[in-house]
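> Just the structure for this:
(one chain, ligands or ions: 2)
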Amino acid sequence: MAADQAAQVPPSLSAKVVGSFAYLTVKDRMPTILTKVIDTLHRNKDKFLEEYGKEGIEAEKQTIALLSKLRNEMQTDKPVVPLTDGLPDAEIWNRYLQRHRQVEEDQEAVSWFKSPWLYVECYMYRRIQEALWLNPPISDYDVFNEGKTLSFLESQQAVMALCTYLEEVKKKTEELSKKELFLHFKKLLQVSLWGNKCDLSISAGKDNSQKTDAIDSLSSLQPFILVDDSDLMWSTLTSAETQGPPRRLDIVLDNASFELITDLVLADFLVYAGIVREVRFHGKSFPWFVSDVTANDFHWTIKQTMATNHRWISKCGVRWQSYLKEGVWSYHDHPFWTLPHEFCEMAAAAPDLYAALQGSDLVVFKGDLNYRKLTGDRYWDHAVSFGTSLRGFSPAPLCALRTLKANIQVGLQPGRGERLSSVEPDWMSSSKYAVIQFHSSTTPWQQD
Ligand SMILES: O=P(O)(O)OC[C@@]1(O)O[C@H](CO)[C@@H](O)[C@@H]1O
Ligand SMILES: [Mn+2]
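Ligands and ions are numbered 1, 2, ... in the order given. Below is the predicted model:
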C-alpha cells in the first residue's frame, strides 16, 4: 500500500523528544530570544524615559518582570497558562488551551516541554505581546524592530543587485518570449525561496542578513532544492484553463528585510510582465518569530526603498508605492496568522480568511513556520505526499517556498529522506535545503 493511504495523522513534533530540534529550540533558542528581548528593553530605558517620563520607566520595568517570569515558566516546564490581556484573540487562545487540557485530561500536562512544539512556540510570541500590551505606554513597542532594521540596512548591496536585475528585465519585457519570461520567473522565484534563509528566529537574533548577490548564487544553490514545482506554479499562472488572464496572486509573507524585498521583486515582475493583475500580501498583526513582517515593516520597507539614493532601488520603491495606491497591491494582516492553529483548521477557525483565499489563483506560503502549519508540524513519513499532509486545506492552488529549518519534510521520493539523514543528520534544520512544493486539488495536470 502506498505511503499516502497508510498515513494516519502522526503525532505533533514536541520537545518531549529529548535531543530533537524542537527540544533544543525550547531548551536553548527560545530562552535566548526572550533574554534578547529583555536586553532590548533594558537598552532602550532612556528612550522610554525621554518619550514617556517615569511612566515609561515603570512600564519597561513591569514588562521585563513579566518576560522574566515567562522565561522561568519555560525553563522549568511549568503549565501553559491562559492569557489575561483581553485582546480580541485572547479568547481564541484560551479556548485552544482548554481543548489541549481536555485532550491531556490533566492541566499540568499542557506545558512547554510536553505540548506540541508549534503551539508552545507560537504561544511564547503571544505572551511577549501580552507583556507589552499590559504595560502602556510601551504597548505597541516592537521589541524586534532593531534586528529587522539592521538586517535590512546590512543587505543593501544585495538589494541593489536585485533591483538592478529587475529593472534590466523590465526594460526588455516586451521582446521576451514566454520561455524567457519563465526562466526569469524561475530565477526570481528561487531568489525569494533562498531569501528565506535570512530569518532572525533560526539565528536567535544574530545577524543573518543577505551579504551576496542573490542572482549570482542561484546556480550553486540549485542542487539543494529537493522539490521544484516552479513549472506547476507557472502553468497555474499562465495557462488558459484557469480563469482569464491576468490573475490574482496571494503571498503569505514570512520575514522582513531582505526576504521581503525578494517577495516584492517577484510580485513586481509578475505584475509588469502582465501575468498577474493583483497581489495581496499577508503579514502579521503583531511582532512574531523575531523577523516576521508587520504592517509597519511592510510600509517602512517600501518607503525606505523610495528614499535610497540608488536609482534602481528608488525606481522600484516608487513603482511599488504606486501599486499600493492603485490597489494593484494590498497588505492584509488577519489575526489567524498569529494563532497557533494548523492550517487544516483555518476553514473552521477563520472562515472569512479561508473564503478570501478561495478567490486567489495561487497562494504562495513563504518560510518554515508556514510549512510547519501547512503540514501540521507532525512526524509524517517523508514519502507521504504534500497533499495528504495538508489534510483538506486547499482554498486555492498553493505553493510553499521554504528553506528547511524544522524536522518535518513530506513529498520526497521514497528513501530520499532516509539517505539524506544518513549523510547529514541536520538536513531538515540547517536551512541548507529548500523546497518549492505545489498542491492543487483542482489542477488537472497535478495528481496527488
Ligand atoms: O518561518 P521562518 O522564518 O522561515 O522560520 C522560523 C523558524 O526560524 O522558527 C522556528 C524555530 O524556532 C522554525 O519554524 C524555524 O526555524
Ligand atoms: Mn519567520
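> From here on, just use CA atoms for contacts and neighbour counts.
Noted.
> same question for stretch 223-236, mean pLDDT?
For stretch 223-236, mean pLDDT is 97.
> Which parts of that stretch count as buried, going by neighbours?
Buried residues in stretch 223-236, defined by neighbour count with 16 or more other CA atoms under 10 Å: 225-228, 230, 232-234, 236.
> Can you tell me which residues in the stretch 1-150 of the chain are near ligand 1?
Applying CA under 6 Å from any ligand atom, we find that the stretch 1-150 of the chain lies next to ligand 1 at Thr25.
> My reading is that Pro340 lies in a helix. Confirm?
No. Counting by DSSP: H, G, I helix; E, B strand; the rest coil, Pro340 is located in no helix; its state is coil.
> Nearest to ligand 2, out of the buried residues of stretch 223-236: which one, please.
Comparing those against ligand 2 with CA to the ion places Ile225 closest, at 19.3 Å.
> The closest one contacts Ser431, correct?
No. Counting by CA atoms under 8 Å, Ile225 sits too far from Ser431 to count as a contact (10.9 Å).
> and stretch 195-214 with ligand 2, contact?
No. Stretch 195-214 stays out of contact with ligand 2 when judged by CA under 5 Å from the ion, the minimum separation being 5.7 Å.
> Would you indicate which residues of that stretch are buried?
So for stretch 195-214, counting by 16+ other CA under 10 Å, buried means 195-202, 204-205, 208-210, 213-214.
> Just flag the most distant two among those residues.
Among the buried residues of stretch 195-214, the pair separated by the greatest distance (CA to CA) is Ala204 and Asp213, at 24.0 Å.
> so what's the residue nearest the centre of the chain up against?
Compute the mean C-alpha point of the chain, and by CA atoms, centre = their mean the closest residue is Asp254, 2.8 Å away. When contacts are counted by CA atoms under 8 Å, 6 or more residues apart in numbering, Asp254 touches 196, 260, 283, 291-293, 366-367, 370.
> of all the residues you listed, which comes closest to Ile33?
Looking across the contacts of Asp254 and measuring by CA to CA, the closest to Ile33 is Ser291, at 11.5 Å.
> thinking again about what came up before, with secondary structure and distance to ligand 1 as added columns, please give the contacts of Asp254 in JSON lines.
Shown next, in JSON lines, are those (DSSP: H, G, I helix; E, B strand; the rest coil; distance: CA to the nearest ligand atom, whole Å):
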{"residue": "Asn196", "secondary structure": "helix", "distance to ligand 1": "6"}
{"residue": "Leu260", "secondary structure": "helix", "distance to ligand 1": "11"}
{"residue": "Gly283", "secondary structure": "coil", "distance to ligand 1": "12"}
{"residue": "Ser291", "secondary structure": "coil", "distance to ligand 1": "7"}
{"residue": "Asp292", "secondary structure": "strand", "distance to ligand 1": "7"}
{"residue": "Val293", "secondary structure": "coil", "distance to ligand 1": "10"}
{"residue": "Lys366", "secondary structure": "strand", "distance to ligand 1": "7"}
{"residue": "Gly367", "secondary structure": "coil", "distance to ligand 1": "4"}
{"residue": "Asn370", "secondary structure": "helix", "distance to ligand 1": "6"}
